[in-house]
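Asks: Sequence and predicted structure, then a few things I'm wondering about:
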Amino acid sequence: MALTAALAGCGGTTSDTAGTPAPAPSPSPPAPAPVPTAPIGLSFVQPANNVLETGASEPVSANVTVNGSAAPNGTVTTFTVSPAAAGALAPVAPTTVGGVASTTLTVSSLPPSATFQVSATAVSAANTAGDTLTYYVRPAHKKMQVIVPAYFSASATPSPWATLTSGAASYPDVQITAVVNASNGVVTAASKVDDTLSTALKDFKAAAGTSNKLLGYLATSGASGSLSVADVKATIDNYIRLYPGQLDGFFVDGMGTDSARVAYFQEIFNYVKALSTGLAAATPAAAPIVIGNPGAYPVAAYAGVADTLVTYAGNAAAYQAVDPQPSSTWVYAKDNSAQAMLVHTASTCTDMQAAVRNANRPRLNTGMVYVTNLAIGASWSALPTYWPQLLGTVDAINKERALPLC
C-alpha cells in the first residue's frame, strides 16, 4: 500500500477515479486561412469557350494576386452566378493553389440566347478585388453540313458535277447542299433547260445513302441596280419550269446587313415558303429551304427571312478573326445549321481544316461550311483541290474522330 501511494504521488498515471484513465484532450480546430493584408487583385482566366449548352459543365478559374505576386495558398475566392437560376458552381468558395482559384460551372435549363454572368471576388484587409465573365447559351449542337456554290458547268470535262457526286457517295453521312446557278440567277421565260445540268442534278440527288439538297441561285441585283421582287419571283417560277421536282429551295444572294431591305427579302422568303408544287421539298414535312447571303453578320431581323444565313463570305486569313461577340450574339438563339460560311483562298488542306475547325467552335456556332483554295474572282468556278479531304474533315468532326491527313 505504501508503494502504491508513492507511485500515485509521482504522477505516473492520471485518472478521474481510481483505475480509470482520463480522456485524451480534444484536438485544436484548424487555423482559419490567412486574410492577406496587402492590396489584392483578381482576374478571370479567359475561357476558351463562353458559349455553352444546357446541362454543360465547364471549368472556371481566376488568378489572384497580392502585391502583384501569386496570392498565398489558401486565399479564399468566392464565385457567384447571376441570375442564380442560370447555373450552379462547385465549390462556391475555393481557396487558391499557386495563385489560382478554380471551380466548375454547370448550366441550368435555359432558353437559347440566354445570357448570364459568373463573378468572383477575393478580399484582403486592404481592399476587395473582383471580375465578371459573360456566358451565352445556344441550342444543342447539330452535325456540320457542307454547302457548295456549284456555279460550274455540267458540260466541262472532267465534270465538276461528277466529282461533286462521287465525293457525296464516298461520304454519305455528310449532308451536302449544292447551289445551282442558272443564267447567273436571272432566269427568264426565254431561258432553256440545260439537259446536261438536269442529268447532273438527278445523279447528285440519287447518290446512294445520301440526303443531298439542291437550291436555285437567285440574284437580287443586276447591272441596272436592284431587281424587283416581281423579277425575283419570275426567276423562281422559271427555275421550277425548267427543273421541275429537282430543287429543294433557293439561295438568295445580295442580302444587305442593315434593316433597309428586310421587307424586300421577307417577301421573297414568304413566296418560296408558300410554294406547294414544283419543288422536291414542297410539303409540310419538308418545307422549301431559303438560304440568304449577306456575307457578314446582318441585323437580327434577317434571321426571320432565311432558314440559314451566310454570315461570312471571304478569305481564309480574315475568317480566323471573325467573331459574333459582342454585336451579333443573336446568332446564339439559332441552331448552328442556321449559319453558313463560304471561305476562299485557303491555299492548303491544312488551311482548310483550320477554317472548318473555327466554324465548329461554339463561339462561331456555324454549321454549314465550304472552303476552297481558289481565289476571289473565280472562287466558285470549280471544286477545291482538296474536295475529298474537306468532306473527310467534316465527317471526322461529326464523328469526333481524328482529322484526315492532308
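Replies: Yep, that arrived.

Asks: rest of the way, CA atoms for contacts and neighbours
Replies: OK.

Asks: list the contacts for N212?
Replies: Residues in contact with N212, defined by CA atoms under 8 Å, 6 or more residues apart in numbering, are A168, Q175, I176, T177, A178, F204, K205.

Asks: at 6 Å instead, please
Replies: Q175, I176, T177, K205 (CA atoms under 6 Å, 6 or more residues apart in numbering).

Asks: What is the nearest of those to A71?
Replies: Proximity of the contacts of N212 to A71 was ranked by CA to CA; the top entry is Q175 with 52.0 Å.

Asks: Test my guess that that closest one contacts I147.
Replies: No - counting by CA atoms under 6 Å, Q175 stays clear of I147, with 8.5 Å between them.

Asks: need the contact list for the nearest residue to G74 once chain neighbours are set aside.
Replies: Of all residues not flanking G74 in the chain, T95 sits nearest, at 4.7 Å (CA to CA, 6 or more residues apart in numbering). Neighbour list for T95: G74, T75, V76, T77, A101 [criterion: CA under 6 Å, 6+ apart].

Asks: can you check G292 too?
Replies: By CA under 6 Å, 6+ apart, the contact list for G292 reads F251, V252, A306, L309.

Asks: Quick check: which element contains it?
Replies: For G292, the host element (DSSP states H and E) is strand 289-293.

Asks: Grab the CA positions of that strand and hand them over as PDB.
Replies: This file holds the C-alpha atoms of strand 289-293, laid out as PDB (Å, rounded to 0.1, in the frame of the first residue of the first chain):
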ATOM      1  CA  ILE A 289     -35.400  25.900 -97.900                       C
ATOM      2  CA  VAL A 290     -34.200  29.500 -98.100                       C
ATOM      3  CA  ILE A 291     -30.500  30.400 -97.600                       C
ATOM      4  CA  GLY A 292     -29.600  34.100 -97.700                       C
ATOM      5  CA  ASN A 293     -26.200  35.600 -98.300                       C
END
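
Asks: moving C-terminal of that strand, what's the next helix or strand?
Replies: Next along the chain after strand 289-293, taking DSSP H and E as the criterion, comes strand 308-315.

Asks: And the contacts of whichever helix or strand comes after that following strand?
Replies: Scanning forward in sequence from strand 308-315 by DSSP H and E, the next helix or strand is helix 316-319. Residues external to helix 316-319 that are found in contact with it (CA under 6 Å, 6+ apart): V343, H344, T345, A346.

Asks: Tabulate the residues you listed (JSON lines), appending secondary structure, pLDDT and distance to S155.
Replies: Putting those into JSON lines (DSSP: H, G, I helix; E, B strand; the rest coil; pLDDT from 0 to 100; distance: CA to CA, whole Å) gives the following:
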{"residue": "V343", "secondary structure": "strand", "pLDDT": "98", "distance to S155": "25"}
{"residue": "H344", "secondary structure": "strand", "pLDDT": "98", "distance to S155": "24"}
{"residue": "T345", "secondary structure": "coil", "pLDDT": "98", "distance to S155": "25"}
{"residue": "A346", "secondary structure": "coil", "pLDDT": "98", "distance to S155": "27"}
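
Asks: could you redo these as JSON lines and give each row distance to K399 and neighbour count?
Replies: Shown next, in JSON lines, are those (distance: CA to CA, whole Å; neighbours: other CA atoms under 10 Å):
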{"residue": "V343", "distance to K399": "23", "neighbour count": "26"}
{"residue": "H344", "distance to K399": "25", "neighbour count": "25"}
{"residue": "T345", "distance to K399": "27", "neighbour count": "19"}
{"residue": "A346", "distance to K399": "24", "neighbour count": "21"}
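
Asks: And the helices in the stretch 51-200 of the chain, which stretches?
Replies: For the stretch 51-200 of the chain, applying DSSP state H, counting those that start in this stretch gives helices covering 160-170, 195-206.

Asks: what does the stretch 301-406 of the chain give?
Replies: For the stretch 301-406 of the chain, the helices defined by DSSP H, counting those that start in this stretch occupy 316-319, 349-360, 387-398.

Asks: Okay, buried residues for the last one please.
Replies: Think helix 387-398. Buried residues in helix 387-398, counted by 16 or more other CA atoms under 10 Å: W387, P388, Q389, L390, L391, G392, T393, V394, D395, I397, N398.

Asks: Include pLDDT when you put the residues you listed into CSV, please.
Replies: Shown next, in CSV, are the buried residues of helix 387-398 (pLDDT from 0 to 100):
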residue, pLDDT
W387, 98
P388, 98
Q389, 98
L390, 98
L391, 98
G392, 98
T393, 98
V394, 98
D395, 98
I397, 98
N398, 98
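
Asks: now, which of those sits nearest L242?
Replies: When those are compared for distance to L242 (CA to CA), W387 wins out at 28.9 Å.
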